[in-house]
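>>> After the sequence you'll find the predicted model.
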Amino acid sequence: MSTKPPFYITTAISYVNGVPHLGHAYESILTDVLARFKRLDGHDVMFLTGTDEHGEKVAQTAEQNGMEPRAFADKNAATFIEMTKKLGISNDDFIRTTEERHRISSQAIWKKLNDNGDIYLGKYEGWYSVREEAYFTEDELTTAEDGQKFTPLGTEVEWVEEPSYFFKLSSYTDRLIEYYAANIEAVQPPSRMNEIVSFLKQEGGLRDLSISRHKSRLKWGIPVPDDEDHVMYVWLDALTNYITALGYPDENTEKFNKFWPADYHVIGKDITRFHAIYWPAFLMAANLPLPKTIFAHGFINVGGTKMSKSIGNVLSPDDLIETYGLDQIRYFLMREIPHGQDGNFSHEQAVLRINADLANGLGNLAQRTLSMVYKNCDAKIPAPQAFTEDDQALLQQAYAMTDQIRASFDALKINRALEHIWGVVSACDVYIDAQAPWTLKKTDTERMETVLYVLAEVIRCLAIIVQPVVPHCAPKILEQLNISEDQRMFEHISADHVLASGTKIDKPEGVFPRIVEEEGT
RNA sequence: GGGCCAGUAGCUCAGUUGGUUAGAGCAAUCCGCUCAUAACGGAUUGGUCGCUGGUUCAAGUCCGGCCUGGCCUACCA
């Protein structure tokens, strides 16, 4: 058996300032689908997700709610953990940046950067509004006649200087440019890579990065090693989670050696820069290899407009699962949203897609086939006669799926992969119609049995390959075919593992119910 | 202001290095079938490929300009 390389995949960690919405769910599902795919394809997978809990906003919001930051973070982190469970996400670990292991790891990477000579104490300065407790850039401000500057909300700002530690990001400009010139596919999709490159090549290169906040302004963070007056700026803390979970600072554990560098960091497009510039620079400074691919996905619009609280179109994962079903939502998101682009969610579109592909497509195909087997073959997988050309063509199409689907997945084009799989579903329907087993029942039962056998075998392959996307429903089909759990990997999509004739099957039940709309709602 | 991406049938999308009458699925209409979740099959309808100049024997595909939408243009994550 060929040994496949280990595979490490992560989601971004969710900021616990708010509660989970469809956007979080999408990222978790997307990553989960990729992780499950790799597992079924024979890789040893490590899948990490978690929460980002430090920083100003959490501290502020906690205070507004009359809570300690810690308690507030605990409360909101729980909602993300809950979402992960409800979505059936197959993560191997869930990291919270408030955990002890992460404090140790973050302080260790700080020291590493410092030892490397990349950290220095400087001054962070800018226009600060005491009322709004925030810094503003020059172009956000308006200036009154007396020279006093005001924020967009009209509060006064003053020029503030405070001591801060800086990371020498500037000295990594050229190295990053070189790195991406040689690894043009390391940031996906390509349009995001363009952004990163143009950012790197801007006039004057990169500026150094403030990586701490003085305690007088922010206490909710990981203390800077050897200087109790500062806490770490949240991005250095947050990004480090990816190695914390592998046991950093111990670089010699089996886990670390096996899984670092990460294969995919799956993130939202809004945080590309942090992952594609800061994180690699930190890693270079810490003398660690860089993640292989940063995959920035798009955002999901609802009914054609951006989700926003004020519009009131924010969808909660719970409601969606309730309305459509978990696997149905997973399928819709994966099928409807192309590689790295923004997508749109609407009720109408969801119902059309779910009914057409899942209920009428794969679900109905399995149901009609297995019913015929159940009723006409004594509830047992029949024994086939010699295969005709049509039989072989269909079987061949099923066995050829794995390579084609793998190629689409490796290119992160999940929607294309699903399109291809459903091409095979459709081919089965065409085949049934052409063979008309209901007619053969009266004229040639042996031929009918062969046709049903071919169909059942192709359905077996289909059920195996759709597992990453519909991990709860696909196994129901495999159950109905009596395929044991150790026979459900992609390698089993092959003539070497064909359905055993004589296998008893239970009375089939619909796996993907049709969504029927109430009249007038 | 500078830059990136998208703009192809009602909807979601394909369209390799420019080359015959621009494709798929869904939706719609008609026909067929009846094993099946009122599901399946076949056919048909449907596009001035955002607009506009240009290069070329030939452009959805290359170049210029413009329009629409989204995003990036550093210390909120």
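Perfect, I can see it now.

>>> By proximity to RNA strand B, which residue of chain A wins?
Here the residue of chain A nearest RNA strand B is residue A:363; by CB to the nearest atom of the strand that distance is 2.1 Å. All C-beta spots, glycine's among them, are computed from the backbone N, C-alpha and C.

>>> Can you name the residues that contact that residue?
A:510, A:511, A:512, A:513 (CB atoms under 8 Å, 6 or more residues apart in numbering).

>>> residues contacting the spatially closest residue to residue A:97 that is not a sequence neighbour?
Beyond its immediate neighbours in the sequence, the residue positioned closest to residue A:97 (CB to CB, 6 or more residues apart in numbering) is residue A:53, lying 5.0 Å away. Taking CB under 8 Å, 6+ apart as the definition of contact, the neighbours of residue A:53 are A:15, A:16, A:73, A:77, A:96, A:97, A:98.

>>> ok, and the third one, which helix or strand is that part of?
Taking DSSP states H and E as the criterion, residue A:73 maps to helix A:69-86.

>>> Would you mind listing the buried residues in that helix?
Neighbour counts using 16 or more other CB atoms under 10 Å place A:69, A:72, A:73, A:76, A:77, A:79, A:80, A:81, A:83, A:84 of helix A:69-86 among the buried residues.

>>> got the residue ranges for the helices in the stretch 351-500 of chain A?
Using DSSP state H, counting those that start in this stretch, the helices found in the stretch 351-500 of chain A span residues A:364-376, A:389-399, A:401-410, A:414-435, A:437-443, A:445-465, A:474-480.

>>> Out of these, indicate the one that is most buried.
Burial of the helices of the stretch 351-500 of chain A is given as mean neighbour count (mean count of other CB atoms under 10 Å); helix A:445-465 ranks first at a mean of 23.

>>> If you count contacts, what does it end up packed against?
With contacts defined as 3 or more CB pairs under 8 Å, 6 or more residues apart in numbering; DSSP states H and E, the packing partners of helix A:445-465 are helix A:364-376, helix A:389-399, helix A:401-410, helix A:414-435, helix A:437-443, helix A:474-480.

>>> From the chain's centroid, how far away is the third one?
Distance, stretch centre to chain centre, for helix A:401-410: 18 Å (CA atoms, centre = their mean, to the nearest Å).

>>> What angle do helix A:414-435 and it make with each other?
Between the direction of helix A:401-410 and that of helix A:414-435, the angle (axes from the mean of the first three to the mean of the last three CA atoms, to 10 degrees) works out to 160 degrees.

>>> if you look at helix A:401-410, does any of it touch RNA strand B?
No: contact check for helix A:401-410 against RNA strand B, using CB under 7 Å from any atom of the strand: none in range, with a minimum separation of 11.2 Å.

>>> on that earlier part again, wait, which of the helices and strands packed on helix A:445-465 is closest to residue A:240?
Evaluated over the helices and strands packed on helix A:445-465, closeness to residue A:240 peaks at helix A:401-410, with 28.0 Å, by CB to CB.

>>> who's in contact with the closest one?
The list of residues contacting helix A:401-410 from outside it, by CB under 8 Å, 6+ apart, reads A:34, A:37, A:41, A:414, A:416-417, A:420-421, A:424, A:461, A:465, A:490, A:493.

>>> returning to what we had before: what remains of the contacts of residue A:363 if I keep only buried residues?
Restricting the contacts of residue A:363 to buried positions leaves A:511, A:512, with burial counted as 16+ other CB under 10 Å.

>>> Run through the stretch 351-500 of chain A and note the low-pLDDT ranges.
Applying pLDDT under 70 to the stretch 351-500 of chain A flags no residue at all.

>>> Show me what from it comes close to RNA strand B.
Applying CB under 7 Å from any atom of the strand, we find that the stretch 351-500 of chain A lies next to RNA strand B at A:352-353, A:356, A:359-361, A:363-364, A:366-369, A:371-372, A:415, A:422, A:426, A:429-430, A:432-433, A:436-439.

>>> hmm, back to that, reformat the contacts of residue A:363 as JSON lines; add distance to residue A:127, secondary structure and pLDDT.
Putting those into JSON lines (distance: CB to CB, whole Å; DSSP: H, G, I helix; E, B strand; the rest coil; pLDDT from 0 to 100) gives the following:
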{"residue": "A:510", "distance to residue A:127": "63", "secondary structure": "coil", "pLDDT": "92"}
{"residue": "A:511", "distance to residue A:127": "60", "secondary structure": "coil", "pLDDT": "95"}
{"residue": "A:512", "distance to residue A:127": "57", "secondary structure": "coil", "pLDDT": "96"}
{"residue": "A:513", "distance to residue A:127": "58", "secondary structure": "coil", "pLDDT": "94"}
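
>>> Keep only the contacts of residue A:363 that also lie close to RNA strand B.
Within these, those near RNA strand B by CB under 7 Å from any atom of the strand are A:510, A:511, A:512, A:513.

>>> pretty sure the last one is in contact with residue A:360, am I right?
No: the pair residue A:513 and residue A:360 does not pass the contact test of CB atoms under 8 Å, sitting 11.3 Å apart.

>>> measure the residue of chain A closest to RNA strand B to residue A:230 for me?
When CB to CB, to the nearest Å is applied, the distance between residue A:363 and residue A:230 equals 58 Å.

>>> quick one, helices of the stretch 1-150 of chain A?
Listed in chain order (using DSSP H, counting those that start in this stretch), the helices of the stretch 1-150 of chain A are A:22-40, A:56-64, A:69-86, A:100-115.

>>> Which of these has the lowest mean pLDDT?
Ranked by mean pLDDT, the helices of the stretch 1-150 of chain A end with helix A:56-64 in last place, scoring a mean of 90.

>>> so what secondary structure elements neighbour that one?
Judged by 3+ CB pairs under 8 Å, 6+ apart, helix A:56-64 is in contact with helix A:69-86.

>>> tell me the contacts of residue A:370?
Contacts of residue A:370 (CB under 8 Å, 6+ apart): A:456, A:459, A:480, A:481, A:505, A:508.

>>> Could you pull out the helices in the stretch 151-300 of chain A for me?
When assigned using DSSP H, counting those that start in this stretch, the helices of the stretch 151-300 of chain A occupy the ranges A:173-182, A:190-200, A:234-239, A:241-244, A:254-259, A:272-273, A:279-285.

>>> Lovely, talk soon.
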